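> curious how this folds, go ahead:
(one chain, ligands or ions: 1)
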Amino acid sequence: MKTHTWLRAAALAFGLSAASGAALAQEVTLKLGTGFAENSMYVKRLLDWAAKVNAEGKGQLQINFIGGPKAIPTFEVGKSVRSGVIDLALNTGAFYTNVMVESDFLKLTQMPIAEQRKNGAFDAINAVWNEKGGMQYLGRFVENQPFHIYLTKRIEKPDLTGLKIRITPVYRDFFQALGATVITTAPGEVYTALERGVVDGYGWPIGGIFDLAWHEKTKFRVEPAFYDAEVSIIMNLQSWNKLNPAQRALLTRSIIEFEAGNTYWNQYAAEESDRQTKAGIQTIRFDEATARTFRERAYEVAWAAAAKQSPDVAARFRPLFTKK
Ligand code: 173
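Numbers count the residues shown, from 1 in each chain. Reported below is the predicted structural model:
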């Protein structure tokens, strides 16, 4: 073997092993948590997504689910993403207003996430999440799940005076405007609060009240619904910045693919509504004009509160979130 050939072979071999060493070192494992119950449909679908990423991401990127509120309490999950204790979470803004007040504004979007990605809303959200939350907003996993008032006592008109209602920040301003006394709890405490008569009702989306057996204590659901439950994947910004372009592309692609399946939630809403009826939960309906005012008031009150809490961001988000 001539010297230069040998040198080339050695260089090649060294180069190859260095390259594969680098590739091995590149596999990252991201810790995933959630503020939602592990038996909820949200988390079932989350785990489907994580399994898919893990299958596609061999040697590149893996997701390790650390559990739900038993691993990290619901209202601590956002802080854990911010600080990097976990890298990823399936969470809703109402659970991490202790990181940034703006998180709860996402309930006010009136168009699908696919459209938010096109009309500038998604980028506007990310700019705020980066700056104020130390987070990357990766995508929305739940859509078409509007909120309702669930009650143990009948009401005749949109007036919650004299009633104690369990809330999160989602409902606070609207329910107070309707006269309610409000009590904030994580989902995990709703059953006991109902059982002990600490509350006369609660806010929750159309789907999911069976997961923690609240149907046993629920007599009425108020129509119409308002807002849209926002449940999204958020990521620690440093963890995101550390990923290489291929890893970022894998995450982004898998999330956009998953969002395309969000129409599933229409079906889930219909099924859950039927299931509530079968469980004996009665619907309280207002006349058409009252129902319209009720819904409009929900948005007005929430945007007014948003404008007070974070005027610049509220002004930026409102036209991007509101259906023309
Ligand atoms: O706990 C809640 O009522 C709440 O804020 C919420 C938000 C999104 C989905 C489900 C519940």
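> the ligand contacts on the protein?
For the chain, the contact set with the ligand under CB under 6 Å from any ligand atom comprises 92, 94, 168, 170, 187, 203-205, 229, 231. All C-beta atoms are positioned from the backbone trio N, CA, C, and that covers glycine.
> just give me the residue closest to the centre of this structure.
V231 (1.7 Å; CA atoms, centre = their mean).
> about what we covered before: would CSV of the residues of the chain next to the ligand with pLDDT, distance to Y299 and secondary structure be doable?
As requested, the residues of the chain next to the ligand are arranged in CSV below (pLDDT from 0 to 100; distance: CB to CB, whole Å; DSSP: H, G, I helix; E, B strand; the rest coil):
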residue, pLDDT, distance to Y299, secondary structure
T92, 98, 18, coil
A94, 98, 16, helix
T168, 98, 17, coil
V170, 98, 13, coil
P187, 98, 24, helix
G203, 99, 15, strand
W204, 99, 19, strand
P205, 98, 16, strand
A229, 98, 15, coil
V231, 98, 19, strand
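> rewinding a little: pretty sure the residue nearest to the centre of the chain sits against V142.
Yes: contact criterion CB atoms under 8 Å: V231 and V142 qualify, at 3.6 Å.
> hey, what's in contact with both of these two?
Residues touching both V231 and V142 (CB atoms under 8 Å, 6 or more residues apart in numbering) are Y42.
> what residues are up against the residue nearest to the centre of the chain?
36, 42, 90-92, 140-142, 145.
> would you check that H148 makes contact with G201?
No: using CB under 8 Å, H148 is not in contact with G201, being 9.9 Å away.
> just the helices in the stretch 1-150 of the chain please.
Under the criterion DSSP state H, counting those that start in this stretch, the stretch 1-150 of the chain contains helices at 3-25, 41-56, 77-83, 113-119, 121-133.
> for the fourth one, C-alpha coordinates in CSV please.
Meaning helix 113-119. Provided in CSV are the C-alpha atoms of helix 113-119 (Å, rounded to 0.1, in the frame of the first residue of the first chain):
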residue,chain,number,x,y,z
ILE,A,113,-54.7,26.0,14.1
ALA,A,114,-54.1,25.3,10.4
GLU,A,115,-55.4,28.8,9.8
GLN,A,116,-53.5,30.3,12.7
ARG,A,117,-50.3,29.0,11.1
LYS,A,118,-51.1,30.9,8.0
ASN,A,119,-52.6,34.2,9.2
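> what's the local residue count around A114?
Neighbour count of A114, defined by other CB atoms under 10 Å: 15.
> excluding covalently adjacent residues, which one is nearest to it?
Closest residue to A114 apart from its sequence neighbours, by CB to CB, 6 or more residues apart in numbering: E259 at 6.6 Å.
> pLDDT score for that neighbour?
Looking at E259, its pLDDT reads 97.
> again with A23
A23 is given a pLDDT of 47.
> next one: T5
Per-residue pLDDT puts T5 at 49.
> packing partners for the host helix or strand of D312?
For D312, the host element (DSSP states H and E) is helix 311-321. Packing partners of helix 311-321 (3 or more CB pairs under 8 Å, 6 or more residues apart in numbering; DSSP states H and E): helix 121-133, helix 288-309.
> try 10 Å this time
helix 113-119, helix 121-133, helix 288-309 (3 or more CB pairs under 10 Å, 6 or more residues apart in numbering; DSSP states H and E).
> could you redo those as CSV and give each row mean pLDDT?
Shown next, in CSV, are these (pLDDT from 0 to 100):
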stretch, mean pLDDT
helix 113-119, 98
helix 121-133, 98
helix 288-309, 98
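> closest to M100 out of the ones you listed?
Of all the helices and strands packed on helix 311-321, helix 121-133 sits nearest to M100, with 4.3 Å by CB to CB.
> and the contacts of the closest one?
For helix 121-133, contacts defined as CB atoms under 10 Å, 6 or more residues apart in numbering pick out 78, 81-82, 93, 96, 99-103, 105-106, 109, 111, 113-117, 135-140, 232, 234-237, 240-241, 310, 312-313, 316-317, 319-321.
> now list the buried members of those residues.
78, 81-82, 93, 96, 99-103, 105-106, 109, 111, 113, 116, 135-140, 232, 234-237, 240, 310, 313, 316-317, 320-321 (16 or more other CB atoms under 10 Å).
> so where is this structure shaky, pLDDT-wise?
Scanning the chain for pLDDT under 70 picks out 1-25.
> kindly recompute the last result at 50.
Per-residue confidence for the chain (pLDDT under 50) gives these ranges: 1-3, 5-24.
> ok and the residue in the stretch 201-324 of the chain nearest the ligand?
The ligand sits closest to A229 of the stretch 201-324 of the chain, with a gap of 3.7 Å, by CB to the nearest ligand atom.
> so what's that residue up against?
Each residue near A229 by CB under 10 Å, 6+ apart is listed here: 42, 92, 94, 106-107, 140, 142-147, 170, 204-208, 265.
> go again using 7 Å as the cut-off
Going by CB atoms under 7 Å, 6 or more residues apart in numbering, A229 touches 92, 107, 142, 145, 147, 205.
> closest one of the residues you listed to the ligand?
Using CB to the nearest ligand atom, the contacts of A229 come closest to the ligand at T92, 3.8 Å.
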